[in-house]
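Student: Pasting the sequence and the predicted model now:
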Amino acid sequence: MQAGYAIFNIEVTNPEDYKEYVEKVKPIAEKFGGDYIIRGGTNQIIEGTWQYSRTVVIKFPSYEKALEWYNSDEYQPIKKIRLVNANTNGIIIQGA
């Protein structure tokens, strides 16, 4: 079974309120087998454009588990916190 990855490119617009998202999202992702591979960090754009400065990569046991997490009842109220306090591009992708 191939892993699934949730990848987000984020610009936090309200850092104080965004902290609540950071505190609450990890336990829910872990419940679905999610493991944070990248959460911010120093970076350099080497090709094209990367719209926002923060990147998050969460590895799940499968593509289906990543989608299950993203669409779960547990995650929906937490996702709203992110959407109100940040601009985000996101993708769920199957990988190695």
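Tutor: Right, received. Where do you want to start?
Student: now the end-to-end length of stretch 36-47.
Tutor: Stretch 36-47 has an end-to-end distance of 24 Å (CA to CA, to the nearest Å).
Student: How about stretch 66-82?
Tutor: Stretch 66-82 end-to-end distance (CA to CA) = 17 Å.
Student: Please enumerate the helices of this protein.
Tutor: 15-31, 63-71, 76-85 (DSSP state H).
Student: Output those helices in TSV; the columns should cover mean neighbour count and distance to Asn43.
Tutor: Heads up, the C-betas are built off the backbone N, CA and C, glycines and all. Output for the helices of the chain, formatted as TSV (neighbours: other CB atoms under 10 Å; distance: least, CB to CB, whole Å):
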stretch	mean neighbour count	distance to Asn43
helix 15-31	15	18
helix 63-71	18	22
helix 76-85	15	20
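Student: export these to JSON lines and tack on mean pLDDT and distance to Thr42?
Tutor: Shown next, in JSON lines, are those (pLDDT from 0 to 100; distance: least, CB to CB, whole Å):
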{"stretch": "helix 15-31", "mean pLDDT": "96", "distance to Thr42": "18"}
{"stretch": "helix 63-71", "mean pLDDT": "98", "distance to Thr42": "26"}
{"stretch": "helix 76-85", "mean pLDDT": "97", "distance to Thr42": "22"}
